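Chemist: Give me a model of this one.
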Amino acid sequence: MKKQDVGALLLLSTLWGGSFLCMRVAAPVLGPIALIELRVLIAGLALLAYALFRRQPLELRTRWWHYLVIGVLNSAIPFTFIATAELHLAAGLSAILNATSPLFGAVIAALWIKEALTPRKIIGLILGLAGVAVLVGWSPLPFSQTIAWSLVFSLAAAAFYGLGGVYTKIYAQGYNSLALATCSQLGAALVLMPFAVAFPPQQLPTTPVIIAVVILALVCTAIAYLIYFGLIARVGPTRALTVTFLVPGFGVFWGVLLLHEPLTLSTLLGFAIILAGTGFVTGLRLPARRPAPPAPSQKEYNETNLTSTR
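Modeler: All right, here's what the predicted structure looks like:
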């Protein structure tokens, strides 16, 4: 990848890692449902404005149902589950658990579209389970029913990301990315709206909470999507997928830096094992080293020198 693409990848990881920080700050005040309604509504409207500026056709008449389903599976439900979990879990822990999304995606793809579970993927799934066990079993958090449900919500969010990914692969192949993101966010906002009215915030938001909501919606969602689209267009979806490995690290970083969350050995070890499992499942390989070019013949050497002196 070029330097600008590496920079875009790091920026995207920083933004998506920061989303866990913003939810940890705002969810206890606004409540998970109201927070996510604000996130997807503001992000969807911002993306809609950009799509209209670009004159991007949305094709709502023929594709509205798939937009709506993807919005529910990939945004409304998992965003709300993560925000609910972060009422009690640290932002960094939530970010690491979210890295299990490709593991769930592999299982769902095997069950739904009969995509083969290769030995490599099976090893990845086993490693992912081991990583979660280490992360949860050695966590300094006092284990309780509330913490247990929070962990379930975090992992369920990752499962819905996997389900949303498979659904998108089946039914939205070839859709324009900007149109898909815009309409799915607006669809998620439409579905969440009655729930947000039924469960309004119980507290008035403070200035830090308002800032967190604005950053979450405009920066971590709308702008992050645009960066992601650009990466896919320039380097392809496979390389863009490496963001999966970077987001948890930035999620932990922001939590430690700004929320003073503890960084324990179990966190680092569980993180490493989960990422290793994700690497096996997604088929990530280190780029092969290019062989050194053969040494030029004496004739080629002389011709090169003659050319360079002209």
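Chemist: Can you tell me how far Leu127 is from Pro57?
Modeler: Distance from Leu127 to Pro57, counting by Cβ to Cβ, to the nearest Å: 43 Å. In short, each C-beta sits where N, CA and C put it, glycine included.
Chemist: Those two: which has the busier surroundings?
Modeler: Leu127 (21 against 9; other Cβ atoms under 10 Å).
Chemist: And the more buried one, its phi and psi?
Modeler: The phi/psi pair for Leu127 (degrees, to the nearest 10) reads phi -60, psi -40.
Chemist: so what's it closest to, chain neighbours aside?
Modeler: Gly277 (3.2 Å; Cβ to Cβ, 6 or more residues apart in numbering).
Chemist: what's around the one you found, how many residues?
Modeler: Neighbour tally, Gly277, other Cβ under 10 Å: 26.
Chemist: OK, contacts around it?
Modeler: Neighbour list for Gly277: Thr100, Leu103, Ile123, Gly124, Leu125, Ile126, Leu127, Gly128, Leu129, Ala130, Gly131 [criterion: Cβ atoms under 8 Å, 6 or more residues apart in numbering].
Chemist: Which among the residues you listed count as buried?
Modeler: Among the contacts of Gly277, the ones that count as buried by 16 or more other Cβ atoms under 10 Å are Thr100, Leu103, Gly124, Leu125, Leu127, Gly128, Ala130, Gly131.
Chemist: Just name the closest of these to Phe250, please.
Modeler: The closest of the buried ones among the contacts of Gly277 to Phe250 turns out to be Thr100 (Cβ to Cβ; 16.8 Å).
Chemist: remind me which residues of the stretch 201-310 of the chain are low pLDDT?
Modeler: 236-238, 240-241, 284-310 (pLDDT under 70).
Chemist: at 90 what do you get?
Modeler: Confidence mapping of the stretch 201-310 of the chain against pLDDT under 90 gives the ranges 202, 225, 228-246, 263-266, 278-279, 281-310.
Chemist: Where do the helices of it begin and end?
Modeler: Here the stretch 201-310 of the chain has its helices, by DSSP state H, counting those that start in this stretch, at 207-214, 224-235, 237-240, 243-259, 265-282, 298-308.
Chemist: what's the answer for the stretch 51-200 of the chain, then?
Modeler: 60-71, 77-85, 91-98, 101-112, 119-137, 145-171, 177-198.
Chemist: Alright, calling it a day.
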